[in-house]
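Q: one predicted model, sequence on top.
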Amino acid sequence: MNLTLKVWRQNGPADSGRMVTYQVTDVSPDMSFLEMLDVLNERLILEGDDPVAFDHDCREGICGMCGMVINGVAHGEQKATTTCQLHMRHFEDGATVTIEPWRAAPFPVVKDLVVDRGAFDRIIQAGGFISVPAGSAPDAHSVPVKKDDADAAFDAATCIGCGACVAACPNGSASLFTAAKITHLGLLPQGGPERDSRVVSMVEQMDAEGFGGCTNTGECTAVCPKGISLDVIAQMNRDYLKAAK
């Protein structure tokens, strides 16, 4: 395959940035999107140019490191797919592909396609944990958990913290991420004692980081590679209203 890439290049937070056009040839349809960028970078290095900076780690769709807006869609147009799991067979030969970083004020660009997602870490530090000593792993079924609660907690826990929800939201809201972390802990017995303080602390930290408010547009769940439902935001709002009283 031969492709035209329009890639966002930016030297740092203070740089205004610009789109740069590159031609890539002989791209295998079996390559992942990141492997295609690896090929581009190898050529740029051989030519003495600066390679395109982008985040990546596991390349298995589980770490949440990779993230870029591909043709205007966070992670690309394939549903429930991270950038690293997106393959080139989903693009047509001769296509033009635009590649940009996450766009949100709390995610400042570090370089090119790399953004600082430290705001997510600070939200977790505010309360996304269980601080009570829970001991070793209990025997199976020793603590009864309702099936619906267990299923909902597991679904929320699949969040990998990639930030696609923020990039897709017209308000730049982190509600889906924050709600997923609050919900998966709050629905389990171990997370019960700190349920109220957790939701208040994490929501306040989310607001302090400068993320926008949720208006139920639904773009976040549409691009979420793990398909996390808007139900977790409703759960977070219920928990917050209860805790605020």
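A: Done, it's in.
Q: hey, let's count contacts and neighbours off CA atoms from now on
A: Noted.
Q: for the residue most central in space within the chain, give me its contacts.
A: Nearest to the geometric centre of the chain sits residue 162, at 1.9 Å (Cα atoms, centre = their mean). The contact partners of residue 162, taken as Cα atoms under 8 Å, 6 or more residues apart in numbering, are 63-67.
Q: closest one of those residues to residue 229?
A: Distances from residue 229 to those, taken as Cα to Cα, are shortest for residue 64 (17.6 Å).
Q: skipping its backbone neighbours, what lies nearest the closest one in space?
A: The shortest distance from residue 64 to any non-neighbouring residue, by Cα to Cα, 6 or more residues apart in numbering, is to residue 162 (4.1 Å).
Q: residue 5 belongs to a helix?
A: No. Counting by DSSP: H, G, I helix; E, B strand; the rest coil, one finds residue 5 to be strand, located in no helix.
Q: just to check, it is in contact with residue 98?
A: Yes. With contact defined as Cα atoms under 8 Å, residue 5 reaches residue 98; the gap is 5.9 Å.
Q: quick check: the gap between the residue nearest to the centre of the chain and residue 17.
A: Using Cα to Cα, to the nearest Å, residue 162 is found at 23 Å from residue 17.
Q: over to residue 236?
A: 37 Å.
Q: neighbour count for those two, which is higher?
A: Applying other Cα atoms under 10 Å to residue 236 and residue 17 shows that residue 236 carries more neighbours, namely 23 against 15.
Q: which element is the most far-flung residue of the chain relative to its centre on?
A: Most distant residue from the mean C-alpha position of the chain: residue 142, 34.4 Å away (Cα atoms, centre = their mean). Element membership for residue 142, per DSSP states H and E: none, as it lies in no helix or strand.
Q: the chain: helices as residue ranges?
A: 33-46, 118-127, 147-157, 164-168, 175-186, 195-208, 219-223, 231-244 (DSSP state H).
Q: can you list those in TSV and add distance to residue 85 and mean pLDDT?
A: Listed next are those as TSV, based on distance: least, Cα to Cα, whole Å; pLDDT from 0 to 100:
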stretch	distance to residue 85	mean pLDDT
helix 33-46	7	98
helix 118-127	23	98
helix 147-157	20	95
helix 164-168	14	98
helix 175-186	20	97
helix 195-208	29	97
helix 219-223	14	97
helix 231-244	25	96
